[in-house]
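> Curious how this folds, go ahead:
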Amino acid sequence: MEYDWRWYYLEGPIPKCVGNLSTSLVILHFNANKLSGLIPSTFRKNCSIESINLNGNKLEGSIPQSIINCQGLRGIDIGDNEMRGAFPFWMETLPQLRILILRSNKFDGTMLVDSNTQQPFQKLQVLDVSQNAFVGSLPNRYFKNFRGMIDAKENQTDSEAYWFLRLIELKITVKGLEQLLERLLTTFTTIDLSSNKFSGSIPPSVGNLNSLRYLNLSHNTLKEHIPPSLGGMGLLESLDLSSNKLDGKIPGGLARLTFLAKLNLSMNNLKGEIPQSTQLSTFGNESYVGNVGLCGFPLTKKCAPSDGKPVFPRDDEYEFIDGFGWQCVVMGYGSGFVVGIGIGYMIIRSGRPRWLVEFFYGVGYKYKTKKRRHKAAPTRRGT
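Model (predicted):
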């Protein structure tokens, strides 16, 4: 049985009987309403629900652990609510979970916990916990074990998840833009941990996710160097590490990311020369702004040579706005000087115009002045 109430305007609490119906439900979508209160905690054993979408409501409280009874759950989206509590570590064991979206809530605490689960979230493809209040280090253990983001097979879907794939409707941020996802290929993979309070360094294990397409760690307090292992994420299309406290040089390995279409390293403490490559040269100044120590193309700041000698500016750095350089100015002055000498020589040789010669040499100057005064005297008429 299927219930999809997306096209109705609902408000108030979710009826508790919804949990009691979990053994006959496959899709539970109440997204984009004004539902409030708690999520029912009455999900029964042998729950048949494959997809839960409660995005865009006013739900509060924590995620009920009875959802663990839904062993066939493939996606859960409770983003854009007012939910609280810790990260749901107990979901690690859900064998079919491919989508976990907790964005824009009030979750807090760390994403680190000691667990006996050998392969947590083994099929997870979409993890979005952005715009919450998570603290501590990044979840290194997860990066090592996200099997769904390592060696993903191209252009395949799960034929067993018919209803889940047919009615999927997820709002996620991709390449800085919010997009509606209506189809989930095995190769679509994204991690968004942005706008939290994560600290510490970026673990090198992130580079293990060689099938990851989109990675957003922006707006945290991450520090130290960007790990060179990120250069091995050959399918990465978008990398956003902006607004952190990262330092050191940009790894040269990033130049090998040939699929990279969006890069944002702005507002950090990075320094040194930007790696030069065909791929990285396609990004503008906005990708690196706010790193006072960076230099080299596409920035206007030039890098000092390795021998420490001062950098002399190139000719084109003195160009005027209208396109004329210093060479044109010198040519203009030189030509004017030659022409001026020639004209002066002709004037002296010919003695004309006489007034100009008299002006410079005083020849006949007094005589000419008296003559002009005489002609200028007024003539009186008889009365």
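
> Quickly note the distance from the nearest residue to residue 214 once chain neighbours are set aside to residue 100.
Excluding the flanking residues, the one nearest residue 214 by C-beta to C-beta, 6 or more residues apart in numbering is residue 190, at 4.0 Å. (Each C-beta comes from the backbone N, C-alpha and C, glycine too.) Distance of residue 190 to residue 100, computed by C-beta to C-beta, to the nearest Å: 11 Å.

> what's the answer for residue 253, then?
From residue 253 over to residue 100 (counting by C-beta to C-beta), the distance is 29 Å.

> Neighbour count for these two, which is higher?
residue 100 (21 against 17; other C-beta atoms under 10 Å).

> On the three-state scheme, the more buried one is what?
Three-state assignment for residue 100 (DSSP: H, G, I helix; E, B strand; the rest coil): strand.

> how many neighbours does the residue nearest to residue 214 have?
Neighbours around residue 190, by other C-beta under 10 Å: 21.

> which ones are touching the closest residue to residue 280 other than its chain neighbours?
In space, and not counting its chain neighbours, residue 280 is closest to residue 255: 5.5 Å by C-beta to C-beta, 6+ apart. Residue 255 sits next to 231, 275-277, 279-280 when contact means C-beta atoms under 8 Å, 6 or more residues apart in numbering.

> 6 Å - rerun?
275, 277, 280 (C-beta atoms under 6 Å, 6 or more residues apart in numbering).

> any idea which of those residues is least confident?
Across the contacts of residue 255, the bottom pLDDT score, 75, is held by residue 277.

> Can you say which helix or strand has that residue in it?
Using DSSP states H and E, residue 277 sits within no helix or strand.

> Which residue is the nearest non-sequential neighbour of it?
residue 255 (3.4 Å).

> any idea how far the one you found is from residue 58?
46 Å.

> How about residue 93?
30 Å.

> Neighbour count: these two, which is higher?
Taking other C-beta under 10 Å, residue 93 and residue 58 do not tie; residue 93 has more neighbours (16 against 13).

> Can you give me the neighbour number for the residue nearest to the more buried one when sequence neighbours are not counted?
Once flanking residues are discounted, residue 93 sits nearest to residue 117: 5.9 Å by C-beta to C-beta, 6+ apart. Burial of residue 117 is recorded as 14 neighbouring residues (other C-beta under 10 Å).

> Confirm for me that residue 117 is in contact with residue 90.
No. In this structure residue 117 lies outside contact range of residue 90 using C-beta atoms under 6 Å: 9.7 Å.

> residues of stretch 62-69 that come out buried?
Of all the residues in stretch 62-69, those buried under the rule 16 or more other C-beta atoms under 10 Å are 63-64, 66-69.

> Now distance to residue 141 and secondary structure too, for the residues you listed, in CSV please.
Below are these laid out as CSV (distance: C-beta to C-beta, whole Å; DSSP: H, G, I helix; E, B strand; the rest coil):
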residue, distance to residue 141, secondary structure
63, 20, coil
64, 24, coil
66, 25, helix
67, 22, helix
68, 20, helix
69, 25, helix
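
> Flag the shaky bits of the stretch 101-250 of the chain, pLDDT-wise.
For the stretch 101-250 of the chain, applying pLDDT under 70 flags the ranges 153-172, 175-176, 179-186.

> Just the buried ones from the contacts of residue 255?
275, 280.

> what's the closest of the contacts of residue 255 to residue 262?
residue 280 (12.1 Å; C-beta to C-beta).

> Name the SS class of the nearest residue to residue 284 once chain neighbours are set aside, please.
Spatial nearest neighbour of residue 284, chain neighbours left out: residue 298 (6.0 Å); criterion: C-beta to C-beta, 6+ apart. Using three-state DSSP, the structure places residue 298 in coil.
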